[in-house]
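Novice: Predicted structure and sequence below. I'll ask about it afterward.
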Amino acid sequence: MIKKRLIVVKKLVAYITSSYPDSNFTIDLAHKLSEAGADYLELGIPFSDPVADGPIIEKANLKALNSGFKLEQLFQISKEIAPVINTLWMGYFNPFYHKGLDKFINEAQNSGIKGFIIPDLPYEEALTYKPQIQKAGLSLIDFVAPTDSKERVEKIVQDAKEFIYMVAYAGITGSNKEENLNTLIKNAKEASTTPLFIGFGVNEQNAKEKASEVDGVIVGSAFVKVLLDDSLNYAQKIDKIAKIAKNIKESINS
């Protein structure tokens, strides 16, 4: 009897900045990304000091804020797109703290999103909020990095949900730095069966190589760069981003 080989499809997480250039554009783009093969949408909450993001995403954040971004736009957009693509809110802790975590949890439940990605919330501080978030049926995505010891990785990922966000290098998004991730990947996979996705510096050219030992990739700057290209109209931006997403999804599974 010949056993069938189980084919595991590697996932694509696409980051875009909420409401840039506007809310309708974000909704249309989310639908197209889903059609192109994106498995998750990381919907960025514009913030004035995005410390983990490089100049490309930072510029999109500031443009959205200068255009009058309000949190209500995020909530409304999410109601439209969560039914068609797994959506997570990516934001810095300041808005969650000042507006109140309860508000974000309630709005997340109302819109149907999966959870939160908060890059400036260290693991130790996240422990204060994680039980409340998980009790609401939502996930708080955990981060691991090359600087984490085996013991720390084990601690961080012990109850990880949805996926584990593996930071490819110390620094900001959009940089094309390289670090040896073999030990980190080994430690994370030994400690948890939760899918391990790699982010920071992933693009159309290197996605296949980056995804070789993990379960998926997280792509942001490569998409946002197109958002910022004023030589393209709305339709052209959406088509170009969708094409990049389709190429990446195909390449990581080829």
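Specialist: Sure, I can see it. Note that the coordinates shown come from a computational prediction; the quantities given were computed from them, not determined experimentally.
Novice: which residues in this structure form helices?
Specialist: 23-36, 55-66, 71-81, 93-99, 101-111, 123-135, 150-157, 182-191, 207-210, 221-227, 234-252 (DSSP state H).
Novice: for the shortest one, packing partners?
Specialist: To tie it back to what came earlier, the one meant is helix 207-210. strand 216-219, helix 234-252 (3 or more C-beta pairs under 8 Å, 6 or more residues apart in numbering; DSSP states H and E). Backbone N, C-alpha and C define where each C-beta goes, glycine included.
Novice: swap the cut-off to 10 Å and go again
Specialist: In terms of contacts (3 or more C-beta pairs under 10 Å, 6 or more residues apart in numbering; DSSP states H and E), helix 207-210 is packed against strand 196-199, strand 216-219, helix 234-252.
Novice: what pLDDT does the residue sitting nearest the centre point of the chain get?
Specialist: The centroid of the chain falls nearest to residue 42 when counting by C-alpha atoms, centre = their mean (3.8 Å). We have a pLDDT of 98 for residue 42.
Novice: so it makes contact with residue 11?
Specialist: No: counting by C-beta atoms under 10 Å, residue 42 does not reach residue 11; the two are 11.9 Å apart.
Novice: Pull up the overlap in contacts between those two.
Specialist: 86, 218 (C-beta atoms under 10 Å, 6 or more residues apart in numbering).
Novice: which outside residues touch stretch 182-194?
Specialist: 139, 141-142, 144-164, 166-168, 181, 195-196, 198, 212-215.
Novice: rewinding a little: of the helices of the chain, which stretch is the most buried?
Specialist: Across the helices of the chain, averaging neighbours per residue (mean count of other C-beta atoms under 10 Å) puts helix 221-227 on top, at a mean of 23.
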